[in-house]
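**Student:** Structure for the following, please:
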Amino acid sequence: MKRRRSQSPDIRIGSRSQPELMVAEYIATRRGDPDRGPMVRLNSAEARLRLIQDGELVWVRGPRRKELAVLVIDETVPVRNVALRDIAGVTIAEHVVVMKPDLDTPPGKQVG
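**Tutor:** A predicted model of the protein is given here:
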């Protein structure tokens, strides 16, 4: 019997783990700029993997903090990369996790 191994052992799909994405682009806006606020640009393949759609709110978890942002599907962003705008606590070339917020589970309750 032949066993097939995953080509990417660092990618695990499940409710408790999300593949990490490398920050390929970071935009910091200034007061008075017409487009401001936290935003994530992601390839549609990566968005499908995370079950998120264009315009949804997502959590962006970086090495120092976690923040909510709006998701925009952008095919110019390479697979396994992410482009961020106005997300505090991350810099270019760091790894972040983008995930859908769990709005169904009450605070303090564990999913068992």
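**Student:** Specify the local secondary structure of Glu46.
**Tutor:** Put simply, Glu46 is helix when judged by DSSP: H, G, I helix; E, B strand; the rest coil.
**Student:** Kindly report the same for Gln53.
**Tutor:** Applying three-state DSSP: Gln53 is coil.
**Student:** Skipping its backbone neighbours, what lies nearest it in space?
**Tutor:** Once flanking residues are discounted, Gln53 sits nearest to Ala47: 6.8 Å by CB to CB, 6 or more residues apart in numbering. Every C-beta, even on glycine, is put in place using the N, C-alpha and C of the backbone.
**Student:** what sits against the one you found?
**Tutor:** Contacts for Ala47 (CB atoms under 8 Å, 6 or more residues apart in numbering) come out as 53-54, 71, 73.
**Student:** What about the residue most central in space within the chain? Give its phi and psi, please.
**Tutor:** Residue closest to the mean C-alpha point of the chain, counted by CA atoms, centre = their mean, is Val98 at 1.9 Å. Main-chain torsions, Val98, degrees, to the nearest 10: phi -110, psi 120.
**Student:** give me every residue that touches it.
**Tutor:** Taking CB under 8 Å, 6+ apart as the test, what Val98 contacts is 18, 21, 40, 42, 46, 50, 52, 58-61, 71, 82.
**Student:** Tell me what it is bridged to.
**Tutor:** Val60 (DSSP bridges).
**Student:** and the gap between it and Gly108?
**Tutor:** 24 Å (CB to CB, to the nearest Å).
**Student:** With Leu57 instead?
**Tutor:** Separation of Leu57 from Gly108 (CB to CB): 21 Å.
**Student:** higher neighbour count, those two?
**Tutor:** Leu57 (14 against 5; other CB atoms under 10 Å).
**Student:** Which residue, neighbours along the chain excluded, lies closest to that one?
**Tutor:** Using CB to CB, 6+ apart, the nearest residue to Leu57 is Leu68, at 5.4 Å.
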